[in-house]
Structure formats: structure tokens, C-alpha cells
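S.K.: Next come a sequence and a model predicted from it.
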Amino acid sequence: MSNYAVIKGASYILAAAPDMVLHNGTTQTTEMIVNPDSEYLKELPQHLRSYEDVLSYIPNQVYIGNMTSKELGETEFPWYDKKAAEPKRQGKFGEIMPQDEFIGLMQICDVFDLVKLEASFAQTVKEKLTAHGMLKEEQIAVLDKNSGETIEELERLISEEHAEGLFHENKLVGVVKRAHDVDVNLSAHTMLENIVAKASSVLSILHLLRVTGIDPAEVDYVIDCCEEACGDMNQRGGGNFAKAAAEVAGLTGATGSDVRGFCAGPSHALLDAASLVKAGTFKNVVVTAGGCTAKLGMNGKDHVKKGLPILEDCIGGFSVLISENDGVNPVIRTDVVGRHSVGTGSSPQAVISSLVTDPLEKAGLKITDVDKYAPELQNPDITKPAGAGDVPEANYKMIAALGVKRGDIQRADLANFVKQHGMTGWAPTQGHIPSGVPYVGACREEILAGDTQRAMIIGKGSLFLGRMTNLFDGISFLIEKNTGKAEEGGGVSEEQIKSLIGEAMRDFADALLKQ
């Protein structure tokens, strides 16, 4: 086996953000502009969940690793009115952080004095984050240094200096100031979005360090793949979220850069990381992404209309550690890659063929040779009421149909294929997060336990959202059980190499003596 890069661990975090749904989700902020007296805005506050409800929501417990997708699939649908038997804040992969602590973390992650918090709120949050135990004393001290504002001063910053308010339990507790008085790319709105993305990425990296036990100084490179873009009027998306998050997380030996690909971004980034490690460029690469305030309450109108709670009320984040082959952890097969090329087309059949059947055919594999497929793992509790159906199930049915067409499975086995090779979706609709990556952590554990041998991560994206092209996007790769480290030199041992060199030198010496 070639020395493919391995997955050393993954982390997943959520931050409850009910007030951000009201004040920062684009569905709501747009409604406030075009129809400020709408019934939707009047009803919305009654549909917000408490932190306890967010904690006990079964898909959220699956996301942080306290429950499995199989357990979710065995739970009667819909899930919004069910509760996990033993909901926990801390999970195997990460945590669900309360909104007030996350706002405190935002200030800790702000290095330009843009986040201002009301004095008593800051002190309360300081106590909670001290008890949290994952932040250093000097980081928590930022809450003393940069917080001491009165409500009156916060209101002045909003009314006179165009700051964005930060709210908790419907009360103003802080602001994010603009970073420039003219540049819209450094407006308070954009800075709030970017600091939220950075803070959620930092939290996921901290949990990744906990999950893997790696020394932070051993991380060489960080790739950020969220959907935001930081820059100024001269280079709007120049970045660098990756290095910014690495700084706060204490990855002192790392450099990094950002990769963007809409919903497919994480899959592109994981493949980039695996390729960098396999090439020997870096030994340990962290792929990370924070969440997106714009997506909060994105399908809220449909949820409220049907009497559901607002289910898109959490900021999401994840991180994955990709390292050199250790002979143990699952490998990323960089030689079996599906790609949606410029000429692929946008029909569902063309997309799935390019991402699934084409790479498998080149590798001599059948569709049934892959134990699990992880395409867009959106939570159907969210998408069905919005009219988008069960997105993962639609993907699995298309894969199964192509399997029948290829003769890999019988038509009668279609439903069974979806059950055996698919998963119920549980990911929050945070744009880039659902597309394949929520399964990476569980996949690693299943492969190490011998329950799964091979899985395919499928990232799909909508490039046309940027109004630069009508093209769709996608990329996929295989994760497989590690069969052991390959010997350097194409499978030839070090002793064999020494012997061959010795033979060559003797032959060369003999040839010289005969001249």
C-alpha cells in the first residue's frame, strides 16, 4: 500500500444562538427591511428554543458524538418533538456551547478591539469560561481588559457608529464595531460574521487537540474551508481565517491558508490536506471551518408556518487532523477521486456518475464495495418542512439507481441498498458543513472497530450562488481501513536497499579493475 495520509481524529461543535437567529440570520434581517410588520417576525420569538431544548435535540447529540446516526434513524420521525434520553453538553467529538459563553469566546478571538461587552455580562461569562477549562488564563483575562461598557455606551455605538448589537435572552449585552468607516468589507455586519466564523473554528480546533492528544506545536499547516471571506476593499476575500484561528488556538508552529468551494469546500480541503501530507510537504495538517450567522433561521418562515420551532438555531464548526501514515488510522485514497468537471453537466445522474461511479469504475470497484456513502447529510427535520425533501435519501436513491444500471445490484435490492449503505442526515444547515464531513469522525471509529472497511465522502456545491458561473461543483474520495505502512522505496526494505547498493559498488569496482 502506498503511504497515504491518515485521519487522526475529528471534532464537531455547536453554539446555540437563538438571539443571533433574530438579529443576524439573513431571512430575518431581510424581512425586517422589506416587511418589518410581518406576522412572521411577530410570531418568531415564540418559536425559539431554549438551550436545554437545543441540548436534548437528538440530531445535535449525534453531531457531537453522544449518539449515532443509526440511533437517529431508529427514532420515529419527525424528531423536533423528541428528546435525547441523556443529553450532554460535552460529546466524544466536541460540545454544544451556550450562547452567552460563545459571545465571550468571540471577544477572546477578537484582536482588534472590535467586540465590546457590558461589564456585568462579561464577568458572568468570564466565570463560566474559566470553569470550561479549555482556554488559557491570559485569554480569559481579555474579558477583563476589553469589557467594561455600560448599556448606554453600547447603544451609542449602535446609533452613532453603526455597530452591530450582540444580544442574549433578548437583552443587549455587547456590540461588534466596524473596522473602517467606509469599507463595506470591514463593516460591523461583516466583522460580526467573520468573528463568529473564527470563534467557532477556534472552539473546534481546541476540541480536536483534546480528541487527538497532538501537541499543538506539531501542527504544520491549517486549511480553513468555511463559507465566509475576510479582506478589505482592495482584496475582499484575501483571508486568512486559517492562520487567525491557529493563532488563538495556540498552533505556534503552523502556517495556513483558506480554501473556498461553497458546500463542497470541506471535501476539497480534506483532499488538499491529504495530498500535502502524502507528498511529504507537511506532517500534520488541520482542516477546519467555523459557522455562518447568515444561515441561522434560513428556513424559518416554513418552520413557523407549520408550527415548528426554529431548528436552524446553532452555529456549527468542525476540525479534522490529517497526518502521515501511522499504519493504524484510516487512510484517504487520493488515487480514487471523483470530480465534477467543467464538462460534467448538472443533471443529478451526471453529478452522481462523476462523483461516485466514475472513480469506482477506474479503481475496479463496484458500488457495493463501498460500505457507507456520505453525501449531503442535511437533517430532514429541517429540509422536509421547507419543501426540499430528504436530501441524503435522494442521493442514496440516485446512487442505487446507477448501481442497478451498472449491474452492481438488482432492482429488487434498491431499498435495501439505501438502508445498508446510507445514513439518516443529522447535520445543521450551515452551508458547507453537511456535505460529507459530519461522518468523518464516526467513520474513523467504525473503521478502527472493524465495522466499516471503506467509505466515500462526497462534497457537492452550488457555484452559481456567486453569480460567476452556472456550473455545479463536487468532489469525492475514499476512506479505507489501513493495511499497514508501506515500505519506502516502492516496497523494498531498507536492508534490501543496502544490499543492492553494496552489490552495485562491488560490480563497479570489479569493472574498474578489469579496465
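M.R.: Received it, and whenever you're ready, just let me know what you need.

S.K.: so where is the chain shaky, pLDDT-wise?
M.R.: Residue ranges of the chain with pLDDT under 70: 1, 486-515.

S.K.: What residue spans form the domains of it?
M.R.: Following automatic domain parsing, one finds the domains of the chain at 6-323, 331-480.

S.K.: Helix, strand or coil: sort out Gly9 for me.
M.R.: The three-state label given to Gly9 by DSSP: H, G, I helix; E, B strand; the rest coil is strand.

S.K.: Can you give me the neighbour number for it?
M.R.: Burial of Gly9 is recorded as 23 neighbouring residues (other C-beta atoms under 10 Å). Any C-beta I mention is one placed from the backbone N, CA and C, and that applies to glycine too.

S.K.: mind listing what it touches?
M.R.: Residues in contact with Gly9, defined by C-beta atoms under 8 Å, 6 or more residues apart in numbering, are Leu208, Val211, Thr212, Val320, Leu321, Gly441, Arg444.

S.K.: Kindly provide the distance from the second one to His132.
M.R.: Read it as Val211. To His132, Val211 is 16 Å away according to C-beta to C-beta, to the nearest Å.

S.K.: for the contacts of Gly9, which one is nearest Thr150?
M.R.: Proximity to Thr150 was ranked across the contacts of Gly9 by C-beta to C-beta; first place goes to Leu208, at 38.0 Å.

S.K.: related to what we said a few turns ago, export the contacts of Gly9 as a markdown table, with columns for secondary structure and neighbour count.
M.R.: What follows is these, written out as a markdown table (DSSP: H, G, I helix; E, B strand; the rest coil; neighbours: other C-beta atoms under 10 Å):
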| residue | secondary structure | neighbour count |
| --- | --- | --- |
| Leu208 | helix | 29 |
| Val211 | helix | 20 |
| Thr212 | helix | 21 |
| Val320 | strand | 27 |
| Leu321 | strand | 25 |
| Gly441 | helix | 26 |
| Arg444 | helix | 21 |
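
S.K.: Out of those, which is nearest to Asp220?
M.R.: Leu321 (11.1 Å).

S.K.: Tell me the bridge partners for the closest one.
M.R.: Taking DSSP bridges as the rule, Leu321 bridges to Gly9, Val286.

S.K.: contacting residues for it?
M.R.: Ile7, Lys8, Gly9, Ala10, Leu208, Thr212, Ile214, Val219, Asn284, Val285, Val286.

S.K.: Widest-spaced pair of the contacts of Gly9?
M.R.: Most distant of those, by C-beta to C-beta, are Leu208 and Arg444, 12.4 Å apart.

S.K.: what is in contact with the two at once?
M.R.: The contact sets of Leu208 and Arg444 overlap at Gly9, Ala10 (C-beta under 8 Å, 6+ apart).

S.K.: For Glu97, which residues count as its bridge partners?
M.R.: Not Glu; residue 97 is Met. Ala15.

S.K.: Helices along the stretch 151-300 of the chain, start to end?
M.R.: Along the stretch 151-300 of the chain, counting by DSSP state H, counting those that start in this stretch, helices occupy 151-161, 188-212, 241-249, 265-278, 300-305.

S.K.: Dump those helices to a markdown table, plus distance to Met20.
M.R.: Below are the helices of the stretch 151-300 of the chain laid out as a markdown table (distance: least, C-beta to C-beta, whole Å):
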| stretch | distance to Met20 |
| --- | --- |
| helix 151-161 | 16 |
| helix 188-212 | 8 |
| helix 241-249 | 19 |
| helix 265-278 | 22 |
| helix 300-305 | 12 |
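
S.K.: Those helices: which one's closest to Asn35?
M.R.: Here helix 300-305 is closest among these (C-beta to C-beta), at 10.9 Å.

S.K.: So for the closest one, what gets flagged as buried?
M.R.: For helix 300-305, the neighbour count (16 or more other C-beta atoms under 10 Å) marks Gly300, Lys301, Asp302, His303, Val304 as buried.

S.K.: name the helices or strands packed onto it?
M.R.: helix 26-34, helix 39-43 (3 or more C-beta pairs under 8 Å, 6 or more residues apart in numbering; DSSP states H and E).

S.K.: Check the offset of the first one from the chain's centre.
M.R.: Taking C-alpha atoms, centre = their mean, to the nearest Å, one finds the center of helix 26-34 at 26 Å from the center of the full chain.

S.K.: Test my guess that Asp258 contacts Ala245.
M.R.: No. Assessed by C-beta atoms under 8 Å, Asp258 is found out of contact with Ala245, at 10.3 Å.

S.K.: between those two, what contacts are shared?
M.R.: Asp224.

S.K.: and those two? which has more neighbours close in?
M.R.: Set Asp258 next to Ala245 and count neighbours by other C-beta under 10 Å: Ala245 wins out with 32 against 23.

S.K.: Look up how far Asn194 lies from the nearest residue to that one once chain neighbours are set aside.
M.R.: Leaving aside its sequence neighbours, Ala245 sits nearest to Ser201 (C-beta to C-beta, 6 or more residues apart in numbering; 4.3 Å). To Asn194, Ser201 is 11 Å away according to C-beta to C-beta.

S.K.: what sits in contact with each of the two?
M.R.: Any residue near both Ser201 and Asn194 by C-beta under 8 Å, 6+ apart counts here, and that gives Phe241.

S.K.: So for the two, which sits in the more crowded spot?
M.R.: Ser201 (32 against 26).

S.K.: Test my guess that that one contacts Cys292.
M.R.: No. Ser201 is beyond contact range of Cys292, at 11.4 Å (criterion: C-beta under 8 Å).

S.K.: Which residues are in contact with each of those two?
M.R.: Joint contacts of Ser201 and Cys292 (C-beta under 8 Å, 6+ apart) are Cys226.

S.K.: Quick one: the strands in the stretch 251-400 of the chain, in order.
M.R.: 255-258, 284-289, 314-323, 331-339, 372-374 (DSSP state E, counting those that start in this stretch).

S.K.: For Phe417, which of these is the nearest?
M.R.: Per C-beta to C-beta, nearest to Phe417 of the strands of the stretch 251-400 of the chain: strand 372-374, 9.8 Å.

S.K.: The closest one pairs with which strands?
M.R.: strand 454-461 (parallel).

S.K.: Using PDB, write out the CA atom coordinates for the following helix or strand past the partner strand.
M.R.: Counting by DSSP states H and E, the element after strand 454-461 in chain order, helix or strand, is strand 473-480. Output in PDB follows, covering the C-alpha atoms of strand 473-480 (Å, rounded to 0.1, in the frame of the first residue of the first chain):
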ATOM      1  CA  ASP A 473     -19.400  21.600  -8.200                       C
ATOM      2  CA  GLY A 474     -18.400  18.400  -6.400                       C
ATOM      3  CA  ILE A 475     -15.500  16.200  -5.400                       C
ATOM      4  CA  SER A 476     -15.300  12.900  -3.600                       C
ATOM      5  CA  PHE A 477     -12.700  10.500  -2.200                       C
ATOM      6  CA  LEU A 478     -12.500   7.100  -0.400                       C
ATOM      7  CA  ILE A 479     -11.600   6.500   3.200                       C
ATOM      8  CA  GLU A 480     -10.300   3.000   3.800                       C
END
